[in-house]
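Q: Quick check, what structure comes out for this input:
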Amino acid sequence: MALRCLSSPSKIFMKKDVILALVAGFIIGSGIAILAVKLPVMLSTKVAPKEETNKTPPLPSAVTNLKDSLLTINQPRDQTIFNEDGITLLGKTKPSAAIVVESPLTSNVYEADKNGSFSAKLKLTEGGNPVYITAIDETGESESKTLTFFYSTEKL
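A: The predicted model follows:
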């Protein structure tokens, strides 16, 4: 019995050509697929413009109060809790200025002395007591402050 070759040399070359075409197709197809996925992401990312490297940084600025405060409250401090219903408010403003003090129970007008000092007696209600203080000098300039004092009958 004679052995016969089942494949001829031309069929072997054809198989190599088919395999080479398949590998080349796979590589090209993979490249196109990756490009299709990555291209929209690359196009949507905006490139930030380069900043100037020789740009001098801005100098910090100091905030200054260009005018003196017209009204200063010396005592009591804001948000103070009292166990008595009567307090005395002490402050300073321009000499002879009018001071309007409004609390939940009263509204009174006071006048500062020749040094600009003033005092006002207030009666507090139980709980929070917002107090509105406005100073008005002789030129009509005014400044207002709001303080809140608390009165409690509880032992602290």
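Q: and residue 89, that's in a strand?
A: Yes - counting by DSSP: H, G, I helix; E, B strand; the rest coil, residue 89 falls inside a strand.
Q: number of nearby residues for it?
A: Number of residues near residue 89 (other CB atoms under 10 Å) recorded here: 21. C-beta here means a position set from N, CA and C on the backbone, and glycine is covered the same way.
Q: Give the bridge partners for it, please.
A: residue 120 (DSSP bridges).
Q: what's it in contact with, if anything?
A: Shown in contact with residue 89 (CB atoms under 8 Å, 6 or more residues apart in numbering): 73, 75, 76, 101, 119, 120, 121, 122, 131, 133.
Q: Pipe the residues you listed into a markdown table and attach distance to residue 148, neighbour count and pLDDT per row.
A: Converted to a markdown table, the contacts of residue 89 look like this (distance: CB to CB, whole Å; neighbours: other CB atoms under 10 Å; pLDDT from 0 to 100):
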| residue | distance to residue 148 | neighbour count | pLDDT |
| --- | --- | --- | --- |
| 73 | 12 | 17 | 95 |
| 75 | 15 | 11 | 95 |
| 76 | 11 | 17 | 95 |
| 101 | 14 | 20 | 96 |
| 119 | 19 | 14 | 96 |
| 120 | 16 | 19 | 95 |
| 121 | 18 | 12 | 95 |
| 122 | 12 | 20 | 94 |
| 131 | 7 | 22 | 96 |
| 133 | 12 | 22 | 96 |
